[in-house]
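1. Curious how this folds, go ahead:
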Amino acid sequence: MIHLAKRVILQTLNDKRSVMMIFIAPLFALTLIYFLLGDSDYTATVGINKNAMPAPLVTELKAQDLKVIYVSNDDFQHPKQYLKDHLDVDAIFTISENASVNIIMYEPSKKSAKALSEIQKALSSLNPSAKINMSYVYGAQDNSTFESLGYVFLGLFAFLLVFIISGMALVRERSGGTLERLMMTPIKRGEVILGYTLGYGVFAIIQAILIVFYSFYVLNLHSIGNIGWIVVAMVLLAITAVSFGAMISVFSTSELQVVQLIPFTIIPQVFFSGLIPLDLIPYHLGNLCYLMPVFYGVEAIKRVMVYGGGFLQIWGYLFGLIGYTFILYILNTLALKKFRKL
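-> Numbering: from 1, shown residues only. Have a look, this model is predicted:
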């Protein structure tokens, strides 16, 4: 028994990926969570009409952790359009002639929640019994968590499952000697990568379409925009996942090693997918989202599903996925040099 335990310990210590999985991966994940979910110094911005707001309330608002800006009378007549045009403003705060308190926010989010909380603090010091009427430009207060974050789940499932399957399958091709025998033929490296991408891409496309139709027609997920564009975004994201899985397989010699790399490749994708508002992440770490393919797919889905956008609103994200796939195709082609020199 002792000899068996000793052998397992020595084998594990000799496997650098296992050592990283056991000791480095948890520290990496916890550090990432610390930076992403730690205290944010974000200050919400609230627009008010100074002429229609009692002076004591204005003073209380400024005393809170808020940035108060004055909105013109003309803009105040169309608060939702104002919020659409000024994405740096989190809420419009009004008090009607009958003393009704109204707070209009862009969408349900942590930023909106921060603005609402600070406004409530200001109101509680002057009128604790004030009834607040809340509304959103996009979304609804009574939406379930699944409804509010549905676009994130669609993008993550379209990417994660295809990534794991394609990465493991390609490693199996190499460990079984299939890839080496294939590289002995006159076929070009680019054709090999393209063939694998198209082959697994067919299943990725079917999966993406299945997820979309099941979510919208069985689980009753709602979209303001045309779900056809959601399908396009998910298909491109799934194809990118195939290329990403192929890239990861280059650094692995077994399915276990693919799993060992997941904490360093998949966990960051999850955090930068939209689960956390990127502009709330401290130290400008939110800008790392542009390195994550999931971000482009999820953001495109969100702009169609939540904002009702079309091609003009998502074309940049779609081309971002195409560009990401092209770069991975080049890198995967170059990586095949280790199997055959051309």
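
2. Look up the closest residue to Val306, ignoring the ones flanking it.
-> Closest residue in space to Val306, ignoring its immediate chain neighbours: Tyr138 at 5.3 Å, by CB to CB, 6 or more residues apart in numbering. All C-beta spots, glycine's among them, are computed from the backbone N, C-alpha and C.

3. And for Met234?
-> Here the residue nearest Met234, using CB to CB, 6+ apart, is Ala208, at 3.9 Å.

4. Would you quantify the distance from that neighbour to Asn226?
-> Ala208 is 16 Å from Asn226, where distance means CB to CB, to the nearest Å.

5. Compare these two and say which one has the larger neighbour count.
-> Ala208 (27 against 15; other CB atoms under 10 Å).

6. secondary structure element for the more buried one?
-> helix 189-217 (DSSP states H and E).

7. rewinding a little: in contact with the residue nearest to Met234, which residues are there?
-> 158, 231, 234-235, 237-238 (CB atoms under 8 Å, 6 or more residues apart in numbering).

8. same thing but 10 Å
-> 154, 157-159, 162, 230-239, 241, 297 (CB atoms under 10 Å, 6 or more residues apart in numbering).

9. same deal with Gln64?
-> Contacts of Gln64 were listed using CB under 10 Å, 6+ apart, and they are 43-44, 46, 115, 117-122, 125.

10. before we move on, the earlier item: what does the residue nearest to Val306 show for phi and psi?
-> Phi and psi for Tyr138, reported as degrees, to the nearest 10, are phi -130, psi 140.

11. hang on, isn't it packed against Ile104?
-> No - taking contacts as CB atoms under 10 Å, Tyr138 lies outside contact range of Ile104: 11.3 Å.

12. Common neighbours of those two, please.
-> With CB under 10 Å, 6+ apart as the test, Tyr138 and Ile104 both reach 80, 83.

13. re the thing from before, tell me how far the residue nearest to Met234 lies from Thr325.
-> 14 Å.

14. now swap in Ala169 and tell me
-> In terms of CB to CB, Ala169 sits 18 Å off from Thr325.

15. likewise Ile301?
-> In terms of CB to CB, Ile301 sits 17 Å off from Thr325.

16. out of those two, which sits in the busier spot?
-> Neighbour tally, Ile301 and Thr325, criterion other CB under 10 Å: the higher count belongs to Ile301, 31 against 20.

17. Confirm for me that that one is in contact with Asn226.
-> No - assessed by CB under 10 Å, Ile301 is found out of contact with Asn226, at 11.9 Å.

18. Overlap of the contact sets of the two?
-> Val232.

19. how about the strands in this structure?
-> Taking DSSP state E as the criterion, the chain carries its strands at 44-48, 66-70, 91-95, 101-105, 132-136.

20. Next, the buried residues of the first one.
-> Judged by neighbour count (16 or more other CB atoms under 10 Å), strand 44-48 contains these buried residues: 44-48.

21. and which of those residues is nearest to Leu275?
-> Proximity of the buried residues of strand 44-48 to Leu275 was ranked by CB to CB; the top entry is Ala44 with 19.6 Å.

22. What does the pLDDT read for that closest one?
-> You'll see Ala44 listed with a pLDDT of 83.

23. wait, what's in contact with it?
-> Here Ala44 is in contact with 64-68, 89-91, 105, 110-119 (criterion: CB under 10 Å, 6+ apart).

24. do Ile227 as well
-> Counting by CB under 10 Å, 6+ apart, Ile227 has contacts 212-213, 215-217, 221, 234, 301, 304-305.

25. Same question for Asp88.
-> Contacts for Asp88 (CB under 10 Å, 6+ apart) come out as 45, 67, 69, 279.

26. that older thread, which of the contacts of Gln64 are buried?
-> Buried among the contacts of Gln64 by 16+ other CB under 10 Å: 44, 46, 115, 118-119, 122.
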